[in-house]
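Student: Quick one, what's the 3D model for this:
(one chain, ligands or ions: 1)
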Amino acid sequence: MTAATTPATTSATTPESAPHHPEVFINPRARAWQAPEGHDGALHFHRSLRGYAPTPLTELPHLAAELGVGRVFVKDETERLGLPAFKVLGASWAVHRALQTHSAAETEAVEAQAAGRALVTASDGNHGRALARTGRLLGHPARVYLPRGVHPVAAAAITDEGADVVEVDGDCDEAVAQAAQDAQRTGALLVQDTAWPGYEQIPAWIVGGYATLTREIDDALAAAGLRADLVAVPVGVGSLAQAVIEHYRRPGRGDDRPGLLGVEPTAAAGLLASLRAGEIRSVATGTTTMAGLNCGTPSSAAWPALRGGLDAAVAVTDAQAGAAARELRAAGIDVGPCGAATLAGLRSLRAAASSPADSALAAVGAGPDSVVVLLATEGRAANPAGDDTDSDPTPEPDPSPAPDAQI
Ligand SMILES: Cc1ncc(COP(=O)(O)O)c(C=O)c1O
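Tutor: Numbers count the residues shown, from 1 in each chain. All right, here's what the predicted structure looks like:
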């Protein structure tokens with residue numbers, strides 16, 4: 001599955017001369033990478049859930065003008081199946097598949113036991129809440145291990161779903177390790193949104209669940225006679241990016257293969273470190289308002305797609321994400337910091353470009369006629385970080401006109 005790429009790391013200027021210019025990783029062969037055949041099914045399942053509706057794809061013309069591209073659409077995941085982030089797409093499909101598999105394989109007596117089986121996970125907030133909600137709806141108690149730095153509002157939202165929260169004095173990787181140990185010790189079902197060697201099936205279902213949002217994007221754009229030239233995706237462990245990359249790099253898409261840009265926080269740039277090294281690397285994570293992206297190690301299952309099929313990766317600061325969040329809110333999309341990361345990433349790439357034909361922009365497909373889709377993966381209700389202690393010196397943008405179209 002690993003592509004024979006010759007990726008390159010570029011920096012618009014040296015860090016010394018321009019510390020705010022981003023370091024960008026470009027893979028010039030990413031468009032040619034072929035994903036394995038996927039298995040559909042999640043969209044059909046999600047459509048059967050009460051409250052399901054495709055989330056809006058909202059056009060923001062003023063951003064297109066600012067970014068020098070044809071059209072900009074924001075895939076607005078600030079409300080998804082009653083929760084303020086996209087993550088429930090993965091948790092609901094994975095739990096459904098896991099329980100289905102168990103019931104098919106087990107006797108009636110064991111099945112009855114499985115009905116009340118505890119679900120356990122580690123999460124920066126959104127996945128934990130999504131799993132807690134799924135467990136509550138299906139009658140399974142849930143336990144969620146939270147690393148340091150999760151906003152108290154996000155932690156309270158998980159307990160409000162009836163789940164037990166275990167606070168871990170460590171980072172995301174440590175919380176995942178403790179959740180995995182819990183599952184081994186207690187027999188709980190580990191529903192983790194990242195994979196490692198030997199733990200791959202449930203993360204694969206989670207990724208399959210995320211694919212629903214890519215199908216919705218294609219359907220909405222097709223209905224308007226459009227297709228994406230660039231899709232920007234926020235990256236934590238890279239499972240969401242895996243879903244996006246595998247969708248847009250499927251065999252059979254012909255030349256409908258948009259540029260794909262991954263955006264992560266500078267405080268947790270594990271993807272950039274891994275891409276540079278050509279193999280999975282863990283970085284020590286710092287603190288960031290983008291809690292959902294505060295992960296130092298890419299998922300092993302996501303890695304082949306990240307390495308082979310992602311055109312570019314860039315890291316953004318909390319200040320950049322904060323400024324982007326204010327701009328999206330002024331345009332009527334009430335995002336949290338992770339939800340604004342993609343706009344911050346594209347802006348930062350654009351600002352650092354030496355010319356409109358700069359290789360970084362060309363690599364991701366951000367030209368004057370491009371149709372750009374920014375994934376806004378969480379609402380402010382999911383993660384109000386940055387609102388209380390706003391140290392961002394960037395001035396408020398001018399209030400923008402309300403979005404003029406949702407498709
Ligand atoms: C709001 C939000 N956006 C993006 C992501 C990134 O997803 P992944 O960790 O699969 O890269 C997360 C992960 O928790 C998240 O909570």
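
Student: Ala301 is in contact with Ile280, correct?
Tutor: No - if you go by Cβ atoms under 8 Å, Ile280 and Ala301 don't touch, sitting 10.8 Å apart. C-beta here means a position set from N, CA and C on the backbone, and glycine is covered the same way.

Student: Name the residues of stretch 277-285 that are buried.
Tutor: Residues Ile280, Arg281, Val283, Thr285 are the ones in stretch 277-285 that count as buried (16 or more other Cβ atoms under 10 Å).

Student: OK, contacts around the nearest residue to the first one once chain neighbours are set aside?
Tutor: Sequence neighbours aside, Ser274 is the residue nearest to Ile280 in space, at 5.1 Å (criterion: Cβ to Cβ, 6 or more residues apart in numbering). Applying Cβ atoms under 8 Å, 6 or more residues apart in numbering to Ser274 gives the contacts Ile280, Arg281, Pro298, Trp303, Leu306, Arg307.

Student: so of these, which ones are in helices?
Tutor: Trp303, Leu306, Arg307 (DSSP state H).

Student: and the first one, what does it touch?
Tutor: Residues counted as contacts of Trp303 (Cβ under 8 Å, 6+ apart) are Gly238, Ser274, Ile280.

Student: rewinding a little: per-residue confidence at the residue nearest to Ile280?
Tutor: In this model, Ser274 is scored at 97, pLDDT.

Student: Then Ala3?
Tutor: With respect to pLDDT, Ala3 scores 31.

Student: List the single closest residue to Asp229 in space, sequence neighbours excluded.
Tutor: Ser370 (3.9 Å).

Student: What count of nearby residues applies to that neighbour?
Tutor: Using other Cβ atoms under 10 Å, the number of residues around Ser370 comes to 22.

Student: Equivalent analysis for Ala156, please.
Tutor: Ala156 has 11 neighbours, counted by other Cβ under 10 Å.

Student: For Pro368, see how far away it is.
Tutor: Distance of Ala156 to Pro368, computed by Cβ to Cβ, to the nearest Å: 46 Å.

Student: cool, and Ala177?
Tutor: Relative to Pro368, and taking Cβ to Cβ, Ala177 is found at 47 Å.

Student: Ala163 too?
Tutor: Ala163 is 48 Å from Pro368, by Cβ to Cβ.

Student: which helix in this structure runs the most residues?
Tutor: In the chain, with assignment by DSSP H, the single longest helix is helix 201-223.

Student: Can you name the residues of the stretch 251-400 of the chain that neighbour the ligand?
Tutor: Near the ligand, the residues belonging to the stretch 251-400 of the chain are Gly292, Leu293, Cys295, Cys338, Thr377, Glu378 when assessed by Cβ under 6 Å from any ligand atom.

Student: Check those and tell me the two furthest apart.
Tutor: Largest separation among those by Cβ to Cβ: Cys295 and Glu378, giving 14.7 Å.

Student: which element is the residue nearest to Ser123 when sequence neighbours are not counted on?
Tutor: Closest residue in space to Ser123, ignoring its immediate chain neighbours: Val144 at 5.5 Å, by Cβ to Cβ, 6+ apart. Here Val144, judged by DSSP states H and E, is contained in strand 142-146.

Student: Give me the angle between the next helix or strand after that strand and strand 142-146.
Tutor: Downstream of strand 142-146, the first helix or strand assigned by DSSP H and E is helix 152-160. Between helix 152-160 and strand 142-146, the angle comes out at 160 degrees (axes from the mean of the first three to the mean of the last three Cα atoms, to 10 degrees).
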